[in-house]
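*Asks:* Return atomic coordinates for the entry below.
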Amino acid sequence: MSSGKRYEPKRKLNMKKVLGVIVAIVVITMIIISIKRLLEPKTEKTLLSREAFFSAYKDEKWGVIDSKGNEVIPFEYDEMILIPDSSKDIFITITNANLTEGTYQTKVLNKNKEEIYGDYELVEPIDNFDVVGNLWYERNVLKVRKEGKYGLINFDGNLILDCSYDSISSLKGLDNSLIIKKESNYGLVSNTGDIIVKPEYKNIQAFGNNYEDGYIVTNIEDKQGLIGSNKKEILPAKYEQILQKHGNDCYVVKESGILKIINSKGETILENQFDDVIEILADTFILKRGDNVGVVNTSGEELIPFTYQNLKSIGNNGYIAQKDNLYGVIDLSGNTKIKFEYDMISRREGTNFLEAEKNITQTDIYDNNLNLKLSGIVSEVNAEKGYISIRIGEEQKYYNFKFEEKTEQDIFPEHTLFLAKNNGKYGYKNKNGELIVDYIYDDAKPQNNYGYCSVKKGNVWGCLNDQGNIALEPSVNLDNNLVIDFIGKWHLAEDLNMYYYEI
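*Replies:* So this is what the prediction gives:
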């Protein structure tokens, strides 16, 4: 849990976030996507009509507002109020914080300002971080303490794991995976309190990017094994090391000082031919020897020579390749399919196209057949809804994953206002294409999930409501804000690690 002060003397910060968040922001797009993910309540109803809650800061005090900008919890707290899920009225307040000793107390309120979960000494959300340091909370589960021991409750307040553990924390980067500690031993439970690994190991770490991939466990003899999320042993705890690489029922282990690729029966497929394994494919391996990377088959026969800095499979015998610090695409015969002229080429999870970046201001998008389809500045790729938002020239455009151009109305049917531009000025139209807000703004943002539109005149920002009426006259300078977003008169704070609104 957190307490703590902001670096400026007049603002206050959640201590755990100050101490625990390591921000590794590569591009602004990743920040925007992470904020949307954090702020969007998970619901089948349209977001514009759905109640949501946000921490807010005013007059050097913390409170809570809803998605209409109304005050829900009064601004009388010295520490940031934590909201584990923006769609739930669960507000964790921090009191009696002692920064020197690292102690604090908590009280949990609902939107009626009633105390809930009062049977526990301490109630905390379980924080987690993605690969670029963006904060999120485990869903539908809270850590509680009673008589000095920790357990778990769900958001309904039901106890799902007895308070009998010395500590509970998230397995960083993985959802539905909570580390429990009893005395000096570690185990693992799911978000429903189901014990996956009993607390009898020295260490537990993620094996892959999803909890379904399983967990590497280290026993008291410093030997490693692999346990699946179904609680079954995949590899016995007898190896010096198990690397976080797998595929096609193959695993990478170190045994007797030798790095090997084995199958689930423990049979050796390859050894002594590589310094590292980059990727395991159906019947080939991307391996590293010294500083170079190449591809071999299961017999050790070299298919792509070890002359590349990096290789990554994209299927259909194609590989993203790095050579002379530039990226291109080659096939299994080494033929160049996309020229080596990019700073980075990648494919996001849940998509079937490649994003090739020449610099931060231009991205070329290639389809699955390596045909160039789009060029511009990518603002967002939403795998869940299946769209790409990209600025091409002066226009912000939308495409589905078949590269068919879509309107903003197609992508956001629940919205009431849609951004329009004429002669360098911005306004808004309705679903029928009728101009609702005249072209009078120097800059503007698409309508957000709660109906508000951020608009700029000169060097100051303001806000319109879902009917295009002024909620806040342009009056706020946000030059230092990477992301502009309003909830009525409240704007998203400059400190993106915190995710709160202020006036």
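*Asks:* mind checking pLDDT for the spatially most central residue of the chain?
*Replies:* With distances taken as Cα atoms, centre = their mean, the chain has Asp130 as the residue nearest its mean C-alpha position (4.7 Å). Taken from the predicted model, the pLDDT recorded for Asp130 is 74.
*Asks:* Name the helix or strand for the closest residue to it other than its chain neighbours, please.
*Replies:* Once flanking residues are discounted, Asp130 sits nearest to Gly173: 6.4 Å by Cβ to Cβ, 6 or more residues apart in numbering. Using the backbone N, CA and C atoms, a C-beta is placed for each residue, glycine as well. Assigned by DSSP states H and E, Gly173 falls within no helix or strand.
*Asks:* Distance check, Gly173 against Gly133.
*Replies:* 10 Å (Cβ to Cβ, to the nearest Å).
*Asks:* In terms of neighbours, single out the busier of the two.
*Replies:* Using other Cβ atoms under 10 Å as the criterion, Gly173 and Gly133 rank with Gly133 on top: 15 against 12.
*Asks:* Pretty sure Ile440 sits against Lys425.
*Replies:* Yes. Between Ile440 and Lys425 there is a contact under Cβ atoms under 8 Å: 6.2 Å.
*Asks:* higher neighbour count, those two?
*Replies:* Neighbour totals were compared for Ile440 and Lys425, and Lys425 leads with 14 against 11 (other Cβ under 10 Å).
*Asks:* Verify the contact between that one and Asp443 for me.
*Replies:* No. Using Cβ under 8 Å, Lys425 is not in contact with Asp443, being 9.4 Å away.
*Asks:* Would you map out the domains in this structure?
*Replies:* With domains defined by automatic domain parsing, the chain comprises 1-165, 407-503.
*Asks:* least reliable of those domains going by mean pLDDT?
*Replies:* domain 1-165 (a mean of 78).
*Asks:* what's the span of stretch 195-209, first residue to last?
*Replies:* Terminal residues of stretch 195-209 lie 20 Å apart, using Cα to Cα, to the nearest Å.
*Asks:* Identify the residues contacting it?
*Replies:* Residues outside stretch 195-209 that contact it (Cβ atoms under 8 Å, 6 or more residues apart in numbering) are 165, 171, 173-174, 177, 179-182, 184-190, 213-220, 222, 226-227, 229, 231, 242, 244, 246.
*Asks:* go again using 6 Å as the cut-off
*Replies:* By Cβ atoms under 6 Å, 6 or more residues apart in numbering, the residues outside stretch 195-209 that reach it are 171, 174, 180, 182, 185-189, 213-220, 227, 231, 244.
*Asks:* if I look at Ala493, how far off is Lys288?
*Replies:* 43 Å.
*Asks:* Give me the distance from stretch 442-452 to the chain's centre.
*Replies:* In terms of Cα atoms, centre = their mean, to the nearest Å, the gap separating the centre of stretch 442-452 from the centre of its chain is 23 Å.
*Asks:* now swap in stretch 348-356 and tell me
*Replies:* 17 Å.
*Asks:* Wait, a helix at Asp410?
*Replies:* Yes. Assessed with DSSP: H, G, I helix; E, B strand; the rest coil, Asp410 lies in a helix.
*Asks:* how deep is it tucked in, by neighbour count?
*Replies:* Quick note: Asp410 (other Cβ under 10 Å) scores 12 neighbours.
*Asks:* The residue nearest to it when sequence neighbours are not counted: which element?
*Replies:* Distances taken as Cβ to Cβ, 6+ apart place Tyr398 nearest to Asp410, at 7.0 Å, with adjacent residues excluded. Taking DSSP H and E as the criterion, Tyr398 maps to strand 395-400.
*Asks:* Now do that strand: which elements does it pack against?
*Replies:* Contacts defined by 3 or more Cβ pairs under 6 Å, 6 or more residues apart in numbering; DSSP states H and E place strand 395-400 against strand 387-392, strand 405-406.
*Asks:* winner for burial among those strands?
*Replies:* Mean neighbour count (mean count of other Cβ atoms under 10 Å) peaks for strand 387-392 among those, with a mean of 18.
*Asks:* Show me what it is packed up against.
*Replies:* Counting contacts by 3+ Cβ pairs under 6 Å, 6+ apart, strand 387-392 is packed against strand 372-382, strand 395-400.
*Asks:* For that strand, which strands pair with it and how are they oriented?
*Replies:* Strand 387-392 pairs in its sheet with strand 372-382 (antiparallel), strand 395-400 (antiparallel), by DSSP bridges.
*Asks:* Give me the contacts around that strand.
*Replies:* Outside strand 387-392, the residues within contact range by Cβ under 6 Å, 6+ apart are 374, 376-381, 397-400, 411.
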